[in-house]
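Engineer: Need a 3D model of the following:
(one chain, ligands or ions: 2)
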Amino acid sequence: MSMRIGQGFDVHAFGSGDHIMLGGVRIAHTHGLRAHSDGDVVLHALCDAMLGALALGDIGMHFPPTDARWKDADSRSFLRHCTALIRGRGWQVGNCDITVICERPKVGPHAQAMRACIACDLGIAVDAVSVKATTTETLGFTGRSEGIAAQAVCLLERP
Ligand SMILES: Nc1ccn([C@@H]2O[C@H](COP(=O)(O)O)[C@@H](O)[C@H]2O)c(=O)n1
Ligand SMILES: C[C@@]1(CO)OP(=O)(O)OP(=O)(O)OC[C@H]1O
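Structural biologist: Ligands and ions are numbered 1, 2, ... in the order given. I've put the predicted structure just below:
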């Protein structure tokens, strides 16, 4: 079996709003995330990991922030597109591991829903999708609650 690995990282700043999208899940919050799309930093990092595994560029190349089609777009559509891209080349995600970096919201209570949503869009089992979180102990921009960062690692397999 052939394997490829990719990693992704993304950041979005907090802005006005009453909810955020994380891993395809709507979470009520004191702020929204500023972005061209729905600002789902988790799915953006995962898309970049998938694209990176096959050296297919990055999310901004596939869905330019200058393109009105992606204004307020549901980031699950980006993830499904990336799934189709890798499937079309004979690959599928073996597993992925995502870390969300923020003080708030607490991710733990939403992690299972995020895993289920991502697994559905990748067409793989939930136990192949890991979502976890950490604070930065109040240090840096995430520590000051100025935004959320996410990093993702993804392994692709081809029989
Ligand atoms: N946004 C977050 C941040 C953390 N968690 C959970 O809390 C644990 C402790 O975080 P530390 O940064 O103090 O190590 C962490 O392991 C997560 O389980 C969370 O749910 N959401
Ligand atoms: C997702 C896209 C879509 O236009 O815009 P944003 O929502 O701003 O998110 P970013 O992480 O900056 O990735 C770039 C774009 O592909």
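
Engineer: From now on I want contacts and neighbour counts done on CA atoms only, so please keep to that.
Structural biologist: OK.

Engineer: What parts of this structure come near ligand 1?
Structural biologist: By Cα under 6 Å from any ligand atom, the residues of the chain that approach ligand 1 are Cys102, Glu103, Arg104, Pro105, Lys106, Val107, Gly108, Ala133, Thr134, Thr135, Thr136, Glu137.

Engineer: now do 5 Å
Structural biologist: Within reach of ligand 1 by Cα under 5 Å from any ligand atom, the chain has these residues: Cys102, Glu103, Arg104, Lys106, Val107, Gly108, Ala133, Thr134, Thr135.

Engineer: List buried residues within the residues you listed.
Structural biologist: Buried members of those, counted by 16 or more other Cα atoms under 10 Å: Cys102, Glu103, Val107, Ala133, Thr135.

Engineer: Which of these fall within strands?
Structural biologist: Taking DSSP state E, the ones among those that sit in strands are Ala133.

Engineer: what about the host helix or strand of Leu51, near ligand 2?
Structural biologist: Here Leu51 sits within helix 41-53, counting by DSSP states H and E. No - using Cα under 5 Å from any ligand atom, helix 41-53 stays clear of ligand 2, coming no nearer than 5.5 Å.

Engineer: residues in contact with the very next helix or strand once past that helix?
Structural biologist: Next helix or strand after helix 41-53 toward the C-terminus (DSSP H and E): helix 59-62. With Cα atoms under 8 Å, 6 or more residues apart in numbering as the contact definition, helix 59-62 has outside contacts at His44, Cys47, Asp48, Leu51.

Engineer: May I see the buried residues of helix 59-62?
Structural biologist: Across helix 59-62, burial judged by 16+ other Cα under 10 Å covers Ile59.

Engineer: For whatever helix or strand comes next after that helix, which helices and strands make contact with it?
Structural biologist: Next along the chain after helix 59-62, taking DSSP H and E as the criterion, comes helix 75-88. Using 3 or more Cα pairs under 8 Å, 6 or more residues apart in numbering; DSSP states H and E, the elements in contact with helix 75-88 are helix 41-53, helix 111-122.
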